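Undergrad: Show me how the following folds:
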Amino acid sequence: MPSPAPFHIVLVEPEIPPNTGSISRLCGATDTILHLVRPLGFSTDDKHLKRAGLDYWKFVDIRYWESFEEFLAAQDELRLHFFTTKVERAYTEVAYQPGDYLVFGRETKGLPEEIIALYRERCATIPMSNPNIRSINLGMAAAVVLYEAIRQRDL
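TA: Numbering: from 1, shown residues only. Next up, the predicted model:
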């Protein structure tokens, strides 16, 4: 029996090298494809990025996109799931399928407002009970959502 299509994690204009390194390691461990949308806030040769990804970087399927518009134009929008703190729908309410794209915005600004407005029905959030905390770490968010998608796939 063939393996199901892999999930995809998309980082739109990531800014912090250790976050991307950590997410790349997560992708390597789960056979998830990592998409990096430029501009990046660092070089992929950055020593911090490689340190966070350790020696797993070479085992990760990484795809680069010149812009978010280029990425969106190449995708089936029904396979895209966007994650933001600006909606109420919980990530656990999403029905994930192998081959879906889990899209996360920049660490400091999140996804662009126009994308959230355009794809509101495809947006979800990770609920947080403390209103004083703006968001959780990008690597943690990617792991929480990816493992929910894997859990649903493996039911």
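Undergrad: Now do the strands in this structure.
TA: Per DSSP state E, the chain carries strands over the ranges 8-12, 33-37, 62-65, 80-83, 101-104, 123-124.
Undergrad: Need the contact partners of the second one.
TA: For strand 33-37, the surrounding residues in contact (C-beta atoms under 8 Å, 6 or more residues apart in numbering) are 6-14, 20, 23-24, 27, 44, 60-65, 67-68, 71, 101. Bear in mind the C-beta positions are built from the backbone N, C-alpha and C, glycine included.
Undergrad: Whichever of those residues end up buried, select them in ChimeraX.
TA: This is how ChimeraX selects the buried members of the contacts of strand 33-37, with burial counted by 16 or more other C-beta atoms under 10 Å:
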select :7,8,9,10,11,12,13,14,20,23,24,27,44,60,65,68,71,101
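Undergrad: Start and end of stretch 117-127, how far apart?
TA: Distance across stretch 117-127, first residue to last, is 19 Å (C-alpha to C-alpha, to the nearest Å).
Undergrad: How about that stretch, which residues are buried there?
TA: 119, 122-126.
Undergrad: Tell me the one of those nearest Asn137?
TA: Nearest to Asn137, judged by C-beta to C-beta, of the buried residues of stretch 117-127 is Ile126 at 10.8 Å.
Undergrad: Can you give me the pLDDT of that closest one?
TA: pLDDT recorded at Ile126 is 98.
Undergrad: if I pick it, what's in contact with it?
TA: Counting by C-beta under 8 Å, 6+ apart, Ile126 has contacts 83, 90-91, 136, 141, 144-145.
Undergrad: so can I have a markdown table of those residues showing distance to Gly110, pLDDT and neighbour count?
TA: Formatted as a markdown table, the contacts of Ile126 follow (distance: C-beta to C-beta, whole Å; pLDDT from 0 to 100; neighbours: other C-beta atoms under 10 Å):
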| residue | distance to Gly110 | pLDDT | neighbour count |
| --- | --- | --- | --- |
| Phe83 | 9 | 98 | 24 |
| Ala90 | 17 | 98 | 12 |
| Tyr91 | 14 | 98 | 19 |
| Ile136 | 12 | 95 | 13 |
| Ala141 | 10 | 98 | 21 |
| Val144 | 16 | 98 | 14 |
| Val145 | 14 | 98 | 24 |
